[in-house]
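Q: Next input, structure requested:
(one chain, ligands or ions: 1)
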Amino acid sequence: MSELQNIQWYPGHMTKTRRKMQESLKLVDAVAEIIDARIPISSRNPDIDNIIANKPRIILMNKCDMANENKTAKWIEYFKEKKITAIPVDCKTGKGLNLFFTTVRNLLSEKIEAWQAKGMSGKSVKIMVVGIPNVGKSSFINRMAGKERAKVEDRPGVTRGNQWFTIGRGFELLDTPGVLWPKFEDKQVGEYLAFTGAVKDQIIDTELLAVRLLETLNMNYSRFITERYKLKNPIENLQGYELLETIGKARGMFIKGGEIDTERTSIMVLDEFRDGKLGRITLENPPQIT
Ligand code: G4P
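A: A predicted model of the protein is given here:
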């Protein structure tokens, strides 16, 4: 993980994005912040609350198909307590997205009523879509904009490169102007992002990553591992490479000489976790849950 810790994205990259986002915020009515429902803390930019400030916001807990349903509900409750509306969505299939329009209209009801009172009921609702890489921003925009998605031209006076999409029902989406980085410098965040595949494997040792994932899963989800790999004995007391080797052995992954092929096992475990094959797993709990 030391490689991850050494990546210093701040301040250069974020300063630019922050400035662009603050300029673009003036053009929108609300912000849709997309997060990964499996890692609701690590998949957020640490400055996002400051950047968005008082702009109305909806959080889309994406990839909820791969997250634990109860924990997603608890997260939604947690955000509600913080006066933020969050909804679970699956942008791969589009599940939950029908709620987006009504939720945003509710959020902006006063503003929309004011438009109507001024005879501007046809005015479109403009939403800026934000999120760190890989949370599913493109999937969301593509889903919402559909096949005939119309990309609106750069508008005069607007930060160059701003991408607008008309999505019907009187809504327009603005893609994040710039790249919103996660909190890479935090070791735990780096690990979770690597587990979910949001960080490229090339910069981290695959076996070490798989071992860390298994150790993490073994704390709350060991049953998922024993079931998936049909392990005969409990694994709660196993640690580190023992976990990887037990799985490799159970899957018959050997190299010449009967040694367990830990590299191939690592790749398989990581792929299966990322594909949701180990089960619906949420790695981060809302702060009040112990
Ligand atoms: P980004 O623009 O924020 O960077 O994310 P993008 O939409 O490219 O999505 C990143 C990956 O997450 C994609 O997988 C995408 O299919 C997947 N994804 C997005 N939303 C969901 C969801 O709700 N559920 C699930 N299970 N997956 C989701 P990929 O492996 O990069 O590509 P592919 O699988 O689509 O080929």
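Q: Please count neighbours and contacts with C-alpha atoms only from this point.
A: Will do.
Q: Any stretches of the stretch 151-290 of the chain with poor pLDDT?
A: 151-161, 201-203, 289-290 (pLDDT under 70).
Q: Helix, strand, or coil at residue 23?
A: helix (DSSP: H, G, I helix; E, B strand; the rest coil).
Q: Now for it, how many residues are close by?
A: Neighbourhood size, residue 23 [other C-alpha atoms under 10 Å]: 13.
Q: Same question for residue 287.
A: Count around residue 287 with other C-alpha under 10 Å applied: 9.
Q: Then residue 227?
A: Residue 227 has 12 nearby residues by other C-alpha under 10 Å.
Q: what packs against the helix or strand residue 245 falls within?
A: Assessed by DSSP states H and E, residue 245 sits inside helix 241-250. Here helix 241-250 touches helix 206-220, helix 262-274, going by 3 or more C-alpha pairs under 8 Å, 6 or more residues apart in numbering; DSSP states H and E.
Q: OK, contacts around residue 192?
A: 39, 42, 283 (C-alpha atoms under 8 Å, 6 or more residues apart in numbering).
Q: If I take the helix holding residue 245 and helix 206-220, what angle do their directions form?
A: Here helix 241-250 runs at an angle of 100 degrees relative to helix 206-220 (axes from the mean of the first three to the mean of the last three C-alpha atoms, to 10 degrees).
Q: Tell me the buried residues in helix 241-250?
A: 241, 243, 244, 245, 246, 247, 248, 249 (16 or more other C-alpha atoms under 10 Å).
Q: what's the answer for stretch 20-35, then?
A: So stretch 20-35, judged by 16+ other C-alpha under 10 Å, has buried residues 20, 21, 24, 25, 28, 29, 30, 31, 32, 33, 34, 35.
Q: What residues does the stretch 101-250 of the chain have near the ligand?
A: Neighbours of the ligand within the stretch 101-250 of the chain, by C-alpha under 6 Å from any ligand atom: 133, 134, 135, 136, 137, 138, 139.
Q: correct me, but the fourth one touches residue 90?
A: No: taking contact to mean C-alpha atoms under 8 Å, the distance of 9.2 Å between residue 136 and residue 90 leaves them out of contact.
Q: Quick check: neighbours shared by the two?
A: Common neighbours of residue 136 and residue 90 (C-alpha under 8 Å, 6+ apart) are 62, 63.
Q: Tell me the secondary structure at residue 39.
A: coil.
Q: OK, contacts around it?
A: Contacts of residue 39 by C-alpha under 8 Å, 6+ apart are 192, 282, 283, 284.
Q: Residue 269 too?
A: Residue 269 makes contacts with residue 210, as judged by C-alpha under 8 Å, 6+ apart.
Q: I'd like to know how far the spatially most distant residue from the centre of the chain sits from the ligand.
A: In the chain, the residue that sits farthest from the middle, by C-alpha atoms, centre = their mean, is residue 257; the gap is 42.0 Å. Distance from residue 257 to the ligand, counting by C-alpha to the nearest ligand atom, to the nearest Å: 35 Å.
Q: how does the protein divide into domains?
A: Per automatic domain parsing, the structural domains of the chain span 2-175, 205-274.
Q: Please state the offset of the last one from the chain centre?
A: Read that as domain 205-274. Centre-to-centre, domain 205-274 and its host chain are 25 Å apart (C-alpha atoms, centre = their mean, to the nearest Å).
Q: can you give me the end-to-end distance of it?
A: 17 Å (C-alpha to C-alpha, to the nearest Å).
Q: Could you do stretch 113-127 as well?
A: 17 Å.
Q: Repeat that for stretch 146-166.
A: OK, stretch 146-166 end separation, C-alpha to C-alpha: 10 Å.
Q: give me the number of residues near the nearest residue to residue 105 once chain neighbours are set aside?
A: Once flanking residues are discounted, residue 105 sits nearest to residue 112: 7.6 Å by C-alpha to C-alpha, 6 or more residues apart in numbering. Per other C-alpha under 10 Å, the neighbour tally for residue 112 reads 19.
Q: do residue 281 as well
A: Neighbours of residue 281 (other C-alpha under 10 Å): 23.
Q: what about it, which SS state?
A: Strictly by three-state DSSP, residue 281 counts as coil.
Q: hang on, the earlier thing: list just the nearest of the contacts of residue 192 to the ligand.
A: residue 39 (13.1 Å; C-alpha to the nearest ligand atom).
Q: Look up which residues are beta-bridged to the residue nearest the centre of the chain.
A: Central residue of the chain (C-alpha atoms, centre = their mean): residue 36, 2.3 Å from the mean position. For residue 36, the beta-bridge partners are residue 62 (DSSP bridges).
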